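Enquirer: quick check, what structure comes out for this input:
(chains A and B)
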Amino acid sequence: MLTAFARAFRTPDLRKKLLFTLAIIVLFRIGSHIPVPGVSFEMVRSCVEDSNRNSLFGLVNMFSGGALLQLTIFALGIMPYITASIILQLLTVVIPRLEALKKEGQSGTAKITQYTRYLTIALSILQSTALIATARSGALFSSARSATCDPQGIVPDDSLFRVIVMVAVMTAGTSTIMWLGELITDRGIGNGMSILMFVSVAAGFPAALWTIKEQGTIGGGWVPFFTVIAIGLVMVGLVVFVEQAQRRIPVQYAKRMIGRRAYGGTSTYIPLKVNQAGIIPVIFASSLLYIPALIAQFSGGKSDWAVWIERHFVKGDHPLYMITYFLLIVFFAFFYVAITFNPEEVADNMKKYGGFIPGIRAGRPTAEYLNYILTRITWPGSLYLGMIALVPSIALVLFNANQNFPFGGTSILIIVGVGLETVKQIESQLQQRNYEGFLR
Amino acid sequence: MTEAHGSTATPEHSSSDGRGSDDEPPGGRRANRPKGSSGKPEQKKKNLFARAALFYRQIIAELRKVVWPTRNELSTYTTVVIVFCLMIIGIVYGLDLGFAKAALAIFG
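Expert: So this is what the prediction gives:
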């Protein structure tokens, strides 16, 4: 199997794509280390070391690969782009004009992509302003307590011009990331957005694992360290198991004669994954849950409601937080499946091309049948997503480990989901040239 | 005739679209329609727990029809994914170490 990786590099076409993707990843990581102008680099460094894992920005910091707290030019990471594309996908259902654009085909999709980019810029202006405001007020490292770290001193000169420059640089950084992601999609391997997300999450892994060892008390920290790794491996297996599970709905295509040749008559199936929604619900739920904490932080955390939010929604170990997270994931799983898989459309297309499900009439009954299966298969799928995503919070309570338990749900889902997708894509490219892939 | 509303069987043969018994005249079948559709609300009047239990059984029935990966598939996929992820994590970790040092040298 390992020789397949070497073989992938020996195929000239594939090698080019892989190296291109790697080069983009390198660029991405460089940008994650260049500080934004106007920030005191030394101060940030000592504060980051000191506060280590700020509870408010924990998850979002993880999504940006640790760049957020360091206030680098790529501080916002790929999140604004992902949020924008999710919002646009949701809006497609609501706004008829967008729906018409989507049905238009390629030119319409290009238009929607363009809107996504604009929305990304707007979101990143918003987010960078919020981030800089928090940094300026010293709230970014409010939990940090040490002699060298002075949260107020992160932005030494807070004149308006400086702030505008900082916002502009961060927004430019975010749009560069967006471009890098699209380059990967076009000329590299896999989906650029998810690859960059994957890299960001992966960047935080070693440090987070090491923190567990350092903070652990049993057996010099090695016992929790290896326990966490073992749990992580089991979870990888579990995620792969469910991601690979499909409900196959048989579809028979009618034979027809065009001229002298017979076409069709094949039987295929519609693969309905148990987790048809993928990792999107988890990402969306977590970014939604981060909003109340952000607002509370903004207001200074003095009023009653801010304290309430602080107590219930900032740390992931409160039952209320867990329940909300779980419910949101289940909701978004159904919502996203409803958006991406339209039974009526599928039934219509099948009818158009002479396909049918054996035993089901074409048209409306087929759509109803698909819907019947979809709702029943999505229930376990969404529950699974919620359970997996909740593991870090539960582990936090049981283990007393830190919040960014690296093998916890969200990160594991992203890592394994993207890894599986990318590996499959490399595999199919290998097979195009009659090479044996690695998924034997 | 399979009764789709009350069974866990996937409605392969939906009973409502006119597959009445063969000896019935066409007219009679059409006359039966409203009765058939009014049968649905009757079904819905069953208490909540019965319906939830039925739904649960239908979910289990669908899950049985899911093609789960075999042990062999699962192990290859898992190892490949783990190897791939470890590679990427290793590369990114190496890059980060280098760049952090470089940033410190330039800006620090």
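
Enquirer: how close does A:Glu368 sit to A:Asn191?
Expert: To A:Asn191, A:Glu368 is 32 Å away according to C-beta to C-beta, to the nearest Å. In short, each C-beta sits where N, CA and C put it, glycine included.

Enquirer: these two: which has the busier surroundings?
Expert: A:Glu368 (20 against 17; other C-beta atoms under 10 Å in any protein chain shown).

Enquirer: quick one: whichever strand or helix holds that one near chain B?
Expert: Using DSSP states H and E, A:Glu368 sits in helix A:364-399. Yes - counting by C-beta under 8 Å from any C-beta of the partner chain, contacts between helix A:364-399 and chain B involve A:Pro365, A:Glu368, A:Tyr369, A:Tyr372, A:Ile373, A:Arg376, A:Ile377, A:Trp379, A:Pro380.

Enquirer: report how many residues lie close to the residue in the stretch 51-200 of chain A that chain B sits nearest to.
Expert: Nearest residue of the stretch 51-200 of chain A to chain B: A:Val199, at 5.7 Å (C-beta to the nearest C-beta). Per other C-beta under 10 Å, the neighbour tally for A:Val199 reads 24.

Enquirer: how many neighbours does A:Ile121 have?
Expert: Residues lying near A:Ile121 (other C-beta under 10 Å) number 17.

Enquirer: ok, it touching A:Ser175?
Expert: Yes - counting by C-beta atoms under 8 Å, A:Ile121 touches A:Ser175, with 6.2 Å between them.

Enquirer: how about A:Arg376: what's its closest non-neighbour residue?
Expert: Sequence neighbours aside, B:Glu62 is the residue nearest to A:Arg376 in space, at 4.4 Å (criterion: C-beta to C-beta, 6 or more residues apart in numbering or on different chains).

Enquirer: count of neighbours near that neighbour?
Expert: Counted by other C-beta under 10 Å, the residues lying close to B:Glu62 total 22.

Enquirer: let's verify A:Ile270: helix, strand, or coil?
Expert: Using DSSP: H, G, I helix; E, B strand; the rest coil, the structure places A:Ile270 in strand.

Enquirer: closest one of the residues of helix A:364-399 next to chain B to chain B?
Expert: Closest approach to chain B among the residues of helix A:364-399 next to chain B (C-beta to the nearest C-beta): A:Arg376, at 4.4 Å.

Enquirer: and the pLDDT for A:Asn434?
Expert: For A:Asn434, the pLDDT comes out at 58.

Enquirer: same question, A:Phe226
Expert: 81.

Enquirer: beyond the strand or helix carrying it, next helix or strand please.
Expert: Following DSSP H and E, the helix or strand that holds A:Phe226 is helix A:222-244. Scanning forward in sequence from helix A:222-244 by DSSP H and E, the next helix or strand is strand A:246-253.

Enquirer: show me what that next one is packed against.
Expert: strand A:267-273, strand A:355-356, helix A:364-399 (3 or more C-beta pairs under 8 Å, 6 or more residues apart in numbering or on different chains; DSSP states H and E).

Enquirer: at which residues are the helices of chain B located?
Expert: Applying DSSP state H to chain B gives helices spanning B:26-44, B:48-65, B:71-107.

Enquirer: mean neighbour count, the ones you listed: which tops it?
Expert: For these, ranked by mean neighbour count under the definition mean count of other C-beta atoms under 10 Å in any protein chain shown, the leader is helix B:71-107 at a mean of 16.

Enquirer: elements contacting that helix?
Expert: Applying 3+ C-beta pairs under 8 Å, 6+ apart, we find helix B:71-107 packed against helix A:2-10, helix A:12-31, helix A:41-51, helix A:192-215, helix A:222-244, helix A:409-432.

Enquirer: including distance to A:Gln276, could those go into JSON lines?
Expert: Below are the helices and strands packed on helix B:71-107 laid out as JSON lines (distance: least, C-beta to C-beta, whole Å):
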{"stretch": "helix A:2-10", "distance to A:Gln276": "29"}
{"stretch": "helix A:12-31", "distance to A:Gln276": "27"}
{"stretch": "helix A:41-51", "distance to A:Gln276": "39"}
{"stretch": "helix A:192-215", "distance to A:Gln276": "16"}
{"stretch": "helix A:222-244", "distance to A:Gln276": "11"}
{"stretch": "helix A:409-432", "distance to A:Gln276": "13"}
